[in-house]
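> Test case, fold it:
(chains A and B)
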Amino acid sequence: MGKLAIETRGLKKSFGKTHAVAGVDLAVSAGGVYGVLGPNGAGKTTMIRMLATLLRPDAGEAQVLGYDVVRDAHSVRSRVSLTGQFASVDEDLTGVENLLLLARLLGYSRPRARRRAADLLDAFGLADAADRQVKKYSGGMRRRIDIAASLVVPPELIFLDEPTTGLDPRSRNQVWEIVRGLVAEGTTVLLTTQYLDEADQLADRIAVIDHGKVIAEGSSGQLKASVGAGSLHVRLRGPEQRAEAERVLAAALDVPIELSADPVALSAGISDPERVARSLAELSRSGIDVTEFALGQPSLDEVFLALTGHAAEKTPEEDAA
Amino acid sequence: MNATSAEQASAPVTEDALRSVLLAGERPSRPGPVLTSLTFGWRALLKIKHVPEQLVDVTMFPIMFTLMFTYLFGGALAGSTQEYLQFLLPGILVQANVMITMNTGITLNTDIQKGVFDRFRSLPVWRPSPLVGALLGDLVRYSIGSAIVITLGLVLGFRPVGGAVGVVLSVELLLVFSFCLSWLWTMLSLILRTPNSVAGVSMMLMFPLTFVSNIFVDPKTMPGWLQAVVEVNPITHLATVVRGLMHGSVPAGEIGWVLVSSVLLVAVFGPITMVLYRNKK
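Numbering: from 1, shown residues only, chains lettered A, B, ... in the order given. I've put the predicted structure just below:
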């Protein structure tokens, strides 16, 4: 592990009675992508805003690229970029005007600023839309101009707050390509996401956060191992066979079976995909009519269920886990 | 949407292009507060260019007020509309400007709710520059409003004895005062949650501030306690100065008063605004 890009100890932030970030310790090494995975309201954005010096922590410490986010806020600001979750450029201005504005603010002379804006628009495939107001951009273009705006002066570390939420799959892939490109050039990326597969695809290490606390940390392989390989969902022809099906599956899979609200459905987390085929064969041998079955990657919900014992999207409440 | 076709036509991000963009050469040196404030002022002008509807208040307000007060009250208050216009127009100019400053807070409140302000706040620039820049951009709005009031006045028969010099000087003083008063609205816009509440509270302050003054009538007929209020209202002093300059006298003491109250406005509301801005969630 190289030197640390981000290090926090006991970082805390509350808004009234809500403990948005309730004591977070992070150690993010330089280079690569660090993913912060969590549901809405888990405290991801609050944490990023503290690291980007927009919010002052209530307690704890945070160092970004070796500078304290409170005492050395200015040094942090000149080395990092933040791409917020919503509209991080001015929607009333055109693409090129936004980049010119930032380039001038960051100290480029007028001609250099113009050249820089043109280069960025080219690189992000936005040259044709340069003179259009950003509010007329599509979702994918919006995200690209957002990220381009963060690279006017190439930062050592870039924060991407839910960069792909709400994007279509094609635009999402483009953002992923950009993130990979950034990393290839040595930029450290900290991104937050609600999607397990995004963290899986991009991040070298992942912190899972919930109710403002890190509840698991590791590579995606390590996290998956703790959750299981995924889950099997089975639908039966009639509800009367469910009890029998539960018994057969439990025996074949050797894991607890979940009975969902749907009276003909069952599901089970699985650790060994090979057993699945065998368990389905067992079902048909026992004369149980299966109308549908599916094998799913573990979803964020399942990760949460496995790690915390409660579902991800539940409204915040006193944490019993 | 037509955006889709453009998006498909443009090449996706290539790794080579991204690499060349990331190797941007030497970092530029950090610009000073004046340059960053002016750059934010440029942003405000661009917004006027793209959203010209926002000039409705600086054009319609002054026209409405000048016409309404001249013709509704002129005869009753001063015997004739022409005579009242000589007295009223400098006052209306003050009121129009002060009214227009209110929009600063409303705009800023809308603006701050958007993510782009997070980006501004995370830039390594002099911290007040986004706010100062917005206020500098507003000077253009005040100038437009003033030009409209004065032109309309001249058309209706207003004749400034102080000539062009007096008019220009009084407008300049107005711009200084308006810029300073705006910090009151920037503070409000950071305290209140929605643009609507900013508008509401601003109105509540604005009406007494402009009406309990000598803008519309000579305070001599008011009860004593009210005269005392009028006397300490900075708007009264401002109106006196503008009236004096336009009609050819230079009320030096009053000018001093206006400048002192301008400085006080910034000295009090400027730092409060910045503390609120820094701790904005």
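> From now on I want contacts and neighbour counts done on CA atoms only, so please keep to that.
Noted.
> Skipping adjacent residues, who's closest to residue A:56 in space?
Using C-alpha to C-alpha, 6 or more residues apart in numbering or on different chains and skipping residues adjacent in sequence, the residue nearest residue A:56 is residue A:50, 5.9 Å away.
> Could I get the full set of strands for the chain?
Because you didn't say which chain, this covers chain A. A:4-15, A:18-29, A:32-37, A:59-64, A:67-68, A:80-83, A:157-161, A:188-193, A:205-210, A:213-218, A:230-236, A:257-259, A:265-270, A:290-296 (DSSP state E).
> so what does the fourth one touch, helix or strand wise?
So the one you mean is strand A:59-64. With contacts taken as 3 or more C-alpha pairs under 8 Å, 6 or more residues apart in numbering or on different chains; DSSP states H and E, strand A:59-64 sits against strand A:4-15, helix A:44-51.
> I'd like the ones you listed laid out as a markdown table, including mean neighbour count and mean pLDDT.
Output for the helices and strands packed on strand A:59-64, formatted as a markdown table (neighbours: other C-alpha atoms under 10 Å in any protein chain shown; pLDDT from 0 to 100):
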| stretch | mean neighbour count | mean pLDDT |
| --- | --- | --- |
| strand A:4-15 | 19 | 92 |
| helix A:44-51 | 23 | 92 |
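> got TSV for the ones you listed, with distance to residue A:254 too?
As requested, those are exported to TSV (distance: least, C-alpha to C-alpha, whole Å):
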stretch	distance to residue A:254
strand A:4-15	40
helix A:44-51	36
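> Which residues of the stretch 51-200 of chain B lie near chain A?
Counting by C-alpha under 8 Å from any C-alpha of the partner chain, the stretch 51-200 of chain B comes close to chain A at B:51, B:114, B:115, B:116, B:117, B:118, B:119, B:121, B:122, B:123, B:124, B:125.
> Relative to residue A:49, how far out is the third one?
This means residue B:115. From residue B:115 over to residue A:49 the distance is 12 Å, taken as C-alpha to C-alpha, to the nearest Å.
> Also the fifth one?
For residue B:117, the distance to residue A:49 (C-alpha to C-alpha) stands at 12 Å.
> cool, the last one as well?
Between residue B:125 and residue A:49 the distance, using C-alpha to C-alpha, works out to 17 Å.
> Could you check the angle the longest helix anywhere in chain A makes with strand A:32-37?
In terms of residue count, the longest helix belonging to chain A (DSSP state H) is helix A:169-184. For helix A:169-184 against strand A:32-37, the angle by axes from the mean of the first three to the mean of the last three C-alpha atoms, to 10 degrees is 130 degrees.
> pretty sure residue A:132 is touching residue A:97, no?
No. Under the criterion of C-alpha atoms under 8 Å, residue A:132 makes no contact with residue A:97, lying 9.5 Å away.
> Chain B: helices as residue ranges?
Here chain B has its helices, by DSSP H, at B:2-9, B:15-22, B:33-50, B:56-78, B:81-113, B:116-121, B:129-156, B:163-191, B:195-211, B:224-232, B:234-246, B:252-278.
> For residue A:210, find the nearest of those helices.
helix B:116-121 (23.9 Å; C-alpha to C-alpha).
> and the residue nearest to residue A:56, what does it touch?
For residue A:50, the contacting residues are A:56, A:57, A:69, by C-alpha atoms under 8 Å, 6 or more residues apart in numbering or on different chains.
> For those residues, pick the one with the most neighbours.
Neighbour counts for the contacts of residue A:50 peak at residue A:69, which has 25 neighbours (criterion: other C-alpha atoms under 10 Å in any protein chain shown).
> what's the spacing between that one and residue A:54?
9 Å.
> Pop out the phi and psi values for residue B:192.
phi -90, psi 150 (degrees, to the nearest 10).
> Skipping adjacent residues, who's closest to it in space?
Distance criterion C-alpha to C-alpha, 6+ apart; nearest residue to residue B:192, sequence neighbours excluded, is residue B:198 at 6.1 Å.
> how does chain A divide up, domain by domain?
As assigned by automatic domain parsing, chain A contains the domains A:4-225, A:229-297.
> rank the ones you listed by pLDDT, which is bottom?
Lowest mean pLDDT within the domains of chain A: domain A:229-297, at a mean of 85.
> next one: that one to chain centre, how far?
When distances are taken as C-alpha atoms, centre = their mean, to the nearest Å, domain A:229-297 is centred 31 Å away from the chain's centroid.
> ok, now which ones touch whichever residue of the stretch 1-150 of chain B sits closest to chain A?
Nearest to chain A in the stretch 1-150 of chain B, going by C-alpha to the nearest C-alpha, is residue B:116, at a distance of 4.2 Å. Counting by C-alpha under 8 Å, 6+ apart, residue B:116 touches A:87, A:88, A:89, A:90.
> What about chain B: which of these touch it?
A:87, A:88, A:89, A:90.
> count of residues packed around the second one?
Read it as residue A:88. Around residue A:88 there are 23 residues (other C-alpha under 10 Å).
> mind listing what residue B:162 touches?
If you count contacts by C-alpha under 8 Å, 6+ apart, then residue B:162 has B:245, B:246, B:247, B:248, B:249 around it.
> looking at it, residue A:241 is touching residue A:288, isn't it?
Yes. At 6.7 Å, residue A:241 counts as touching residue A:288 under the criterion of C-alpha under 8 Å.
> Number of residues surrounding the closest residue to residue A:231 other than its chain neighbours?
Nearest non-adjacent residue to residue A:231, counting by C-alpha to C-alpha, 6+ apart: residue A:269, 4.2 Å away. Residue A:269 is flanked by 23 other residues according to other C-alpha under 10 Å.
> Kindly format the C-alpha coordinates of stretch B:108-115 as CSV.
C-alpha atoms of stretch B:108-115 as CSV (Å, rounded to 0.1, in the frame of the first residue of the first chain):
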residue,chain,number,x,y,z
LEU,B,108,-28.7,34.3,-4.6
ASN,B,109,-31.0,32.0,-2.6
THR,B,110,-32.0,30.2,-5.7
ASP,B,111,-28.4,30.0,-6.9
ILE,B,112,-27.1,28.7,-3.7
GLN,B,113,-29.6,25.8,-3.6
LYS,B,114,-28.0,24.6,-6.8
GLY,B,115,-24.9,22.3,-6.8
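> How far does that stretch sit from its chain's centre?
Taking C-alpha atoms, centre = their mean, one finds the center of stretch B:108-115 at 17 Å from the center of the full chain.
> Quick check: buried residues in stretch B:136-151?
Residues of stretch B:136-151 classed as buried by neighbour count (16 or more other C-alpha atoms under 10 Å in any protein chain shown): B:136-143, B:145-150.
> Can I get the residues you listed in CSV including distance to residue B:162?
Output for the buried residues of stretch B:136-151, formatted as CSV (distance: C-alpha to C-alpha, whole Å):
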residue, distance to residue B:162
B:136, 27
B:137, 28
B:138, 27
B:139, 23
B:140, 24
B:141, 24
B:142, 21
B:143, 19
B:145, 20
B:146, 16
B:147, 16
B:148, 19
B:149, 17
B:150, 13
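> Check those residues against residue B:129 and report the nearest one.
residue B:136 (10.0 Å).
> buried ones in stretch A:242-261?
Going by 16+ other C-alpha under 10 Å, stretch A:242-261 has these buried residues: A:242, A:245, A:246, A:248, A:249, A:250, A:252, A:253, A:257.
> so who does the closest residue to residue A:202 other than its chain neighbours touch?
Leaving aside its sequence neighbours, residue A:202 sits nearest to residue A:33 (C-alpha to C-alpha, 6+ apart; 6.5 Å). Residue A:33 is in contact with A:183, A:188, A:189, A:190, A:191, A:202, A:203, A:204, A:205, counting by C-alpha under 8 Å, 6+ apart.
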